[in-house]
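Coordinates for the following, if possible.
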Amino acid sequence: MPAIQSIEFQRSELLRFITAGSVDDGKSTLIGRLLHDSKSIFEDQLSALEQTTRRRGVEGVDLSLLTDGLQAEREQGITIDVAYRYFATPRRKFIIADTPGHEQYTRNMVTGASSANLAVILLDARKGVLTQSRRHATIAALLGIPRLVVAVNKMDLVGYAEEVFNGICEAFAQFAADLGFRDVIGIPISALKGDMVVARGENLPWYRGPALLELLERIEIDYDLNLDDFRFPVQWVCRPGTFEYQDFRGYTGRIESGTVTVGDQIAVLPSGRSSSIKQILTFDGELERAFAPQSVTLLLEDEIDISRGDMIIKSSDTVRVAKEYDADVCWLSEQPLDRRRKYVIKHATKTVKAYLTRIDHRVDVNTLQLIDGASQLNMNDIARVGVKVQQPLVIDSYARNRATGSFIVIDEATNNTVAAGMIL
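Reported below is the predicted structural model:
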């Protein structure tokens with residue numbers, strides 16, 4: 001058996017995970033199987049699936065249609081958009097993001113992975129580890145996903161051969177060794193036949209580990225919330241008279257990380273002005289203490305100048321306020337990066353104009369080697385860049401705080417999102 005790291009189990013409320021891999025590896029079928037075999041499909045949905053499957057001239061039920069919701073996807077038999085599905089078992093609730101397999105839609109995978117606790121990378125047992133599988137694993141690592149499940153699918157097409165599974169797991173583990181995942185866990189499955197997805201089936205007696213759903217129910221997950229550093233990007237300023245019943249000045253937004261208590265000493269950045277928390281309000285009433293990811297209105301003891309995009313932190317916290325920083329980016333646009341152009345960066349609730357001043361290196365997703373001397377970035381390229389913004393941003397490293405360590409790059413002319421970035 002390949003070297004698979006130990007698995008720690010605990011009960012938890014919610015697991016957000018993505019499925020990714022190369023095209024036709026069976027991601028949509030896998031999610032359909034999870035929903036079908038865990039009894040999470042309504043009878044009318046199942047009836048509609050059966051009718052659609054018959055119209056396509058296919059026997060049985062095509063479970064992939066549960067997630068391939070767009071008409072273009074159904075006609076082509078591929079997944080283009082990120083399809084989200086929700087289901088629950090007695091142990092845990094789940095949010096699944098089925099991300100695209102085609103290389104040209106890798107940018108959609110970044111969207112699905114940005115809030116995931118775990119990634120399931122599907123590999124076709126007949127094809128092994130492909131370039132797109134490596135690219136998805138690299139993006140998952142950049143986005144800070146700590147655990148990776150390698151689901152070797154279509155085992156029925158290789159006779160459920162143990163040696164095939166072992167060889168693929170060993171090749172993938174060798175590639176992923178330098179990506180920094182805490183666990184890389186291999187599972188042999190057949191999404192079409194249902195082996196080792198929800199039920200164990202009878203075709204893989206040599207595999208002693210858990211079926212996929214059992215693993216997802218029990219695996220320890222790391223929530224992306226940082227409960228140590230209080231970060232409150234101001235989304236809206238409530239002035240007296242905004243509503244008939246409201247006669248105070250408050251600052252509305254979502255607590256992105258940390259906790260806050262009435263009486264805490266705070267600072268407002270980038271101005272550096274200070275005050276203390278007078279009240280914490282929600283739609284349900286007044287709170288003594290609030291924590292991420294609650295949406296609240298903060299009232300301060302002092303009237304100070306605060307605008308949308310400002311960041312409220314605790315006076316004792318340390319944070320960077322910078323106009324220049326380094327970041328890893330995934331370029332999402334068909335239009336290559338032009339370092340002479342001015343872009344717009346959206347960071348938390350603040351939008352600023354910026355330049356991507358340099359490209360330090362690009363990542364070869366096949367070898368993970370760093371390639372120097374890149375003059376531009378093309379769609380799906382992953383690279384380290386320098387960023388210079390016109391107004392200071394309050395930032396953390398992505399490794400410490402996902403909320404204040406991430407940003408998107410927007411083309412000012414088209415308003416399209418062209419890159420997603422993780423601050424170093």
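
From now on I want contacts and neighbour counts done on CA atoms only, so please keep to that.
Noted.

tally of neighbours for the residue nearest to residue 327 when sequence neighbours are not counted?
What sits nearest to residue 327 in space, not counting adjacent residues and going by C-alpha to C-alpha, 6 or more residues apart in numbering, is residue 423, at 4.3 Å. Residue 423 has 24 neighbouring residues, counting by other C-alpha atoms under 10 Å.

wouldn't residue 423 be in contact with residue 322 here?
No - contact criterion C-alpha atoms under 8 Å: residue 423 and residue 322 do not qualify, at 11.5 Å.

Overlap in contacts, these two.
residue 395 (C-alpha atoms under 8 Å, 6 or more residues apart in numbering).

quick one on the thing from earlier: ok, the residue nearest to residue 327 - contacts?
With contact set as C-alpha under 8 Å, 6+ apart, residue 423 has these partners: 325-328, 395-398, 405-407.

Please tabulate those residues in a markdown table and include neighbour count, pLDDT and secondary structure as additional columns.
Shown next, in a markdown table, are these (neighbours: other C-alpha atoms under 10 Å; pLDDT from 0 to 100; DSSP: H, G, I helix; E, B strand; the rest coil):
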| residue | neighbour count | pLDDT | secondary structure |
| --- | --- | --- | --- |
| 325 | 18 | 97 | strand |
| 326 | 20 | 97 | strand |
| 327 | 22 | 96 | strand |
| 328 | 24 | 93 | strand |
| 395 | 24 | 97 | strand |
| 396 | 22 | 95 | coil |
| 397 | 19 | 94 | coil |
| 398 | 21 | 90 | coil |
| 405 | 20 | 93 | coil |
| 406 | 25 | 92 | strand |
| 407 | 23 | 94 | strand |
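
got a list of what the closest residue to residue 179 other than its chain neighbours touches?
Nearest residue to residue 179, sequence neighbours excluded (C-alpha to C-alpha, 6+ apart): residue 141, at 6.0 Å. Residues in contact with residue 141, defined by C-alpha under 8 Å, 6+ apart, are 179-181.

Report the distance from the strand or helix carrying residue 141 to the chain centre.
Per DSSP states H and E: residue 141 is located in helix 131-142. Its chain's C-alpha centre and that of helix 131-142 lie 13 Å apart, by C-alpha atoms, centre = their mean, to the nearest Å.

buried set for it?
For helix 131-142, burial by neighbour count (16 or more other C-alpha atoms under 10 Å) applies to 132-142.

Measure how the helix or strand hosting residue 163 sits relative to helix 131-142, angle-wise.
Assigned by DSSP H and E, residue 163 falls within helix 162-176. Angle of helix 162-176 versus helix 131-142, following axes from the mean of the first three to the mean of the last three C-alpha atoms, to 10 degrees, is 50 degrees.

what's the next secondary structure element after helix 162-176?
strand 183-188.

Format the contacts of residue 423 as JSON lines; extra columns: distance to residue 239.
Output for those, formatted as JSON lines (distance: C-alpha to C-alpha, whole Å):
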{"residue": "325", "distance to residue 239": "34"}
{"residue": "326", "distance to residue 239": "37"}
{"residue": "327", "distance to residue 239": "36"}
{"residue": "328", "distance to residue 239": "39"}
{"residue": "395", "distance to residue 239": "27"}
{"residue": "396", "distance to residue 239": "30"}
{"residue": "397", "distance to residue 239": "33"}
{"residue": "398", "distance to residue 239": "33"}
{"residue": "405", "distance to residue 239": "30"}
{"residue": "406", "distance to residue 239": "30"}
{"residue": "407", "distance to residue 239": "29"}
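
What is the nearest of these to residue 220?
residue 398 (21.2 Å; C-alpha to C-alpha).

Next, give phi and psi for the nearest residue to that closest one once chain neighbours are set aside.
Closest residue in space to residue 398, ignoring its immediate chain neighbours: residue 405 at 3.9 Å, by C-alpha to C-alpha, 6+ apart. Here is the backbone geometry of residue 405 (degrees, to the nearest 10): phi -110, psi 10.

could you pull out the strands for the stretch 301-424 of the chain?
Here the stretch 301-424 of the chain has its strands, by DSSP state E, counting those that start in this stretch, at 311-314, 320-331, 343-347, 350-363, 370-371, 382-395, 406-410, 417-423.

Can you mark which positions in stretch 156-174 are buried?
156, 160-162, 164-166, 168-170, 172-173.

In three-state terms, label residue 115 for me.
The three-state label given to residue 115 by DSSP: H, G, I helix; E, B strand; the rest coil is coil.

That one against residue 16, yeah?
Yes - using C-alpha under 8 Å, residue 115 is in contact with residue 16, at 7.3 Å.

moving C-terminal of the helix or strand of the chain with the lowest mean pLDDT, what's the next helix or strand?
The weakest-scoring helix or strand in the chain, judged by mean pLDDT, DSSP states H and E, is helix 71-76 (a mean of 39). Next helix or strand after helix 71-76 toward the C-terminus (DSSP H and E): strand 83-88.

where does the stretch 51-200 of the chain dip in pLDDT?
Residues of the stretch 51-200 of the chain meeting the criterion pLDDT under 70: 51-83, 99-114.
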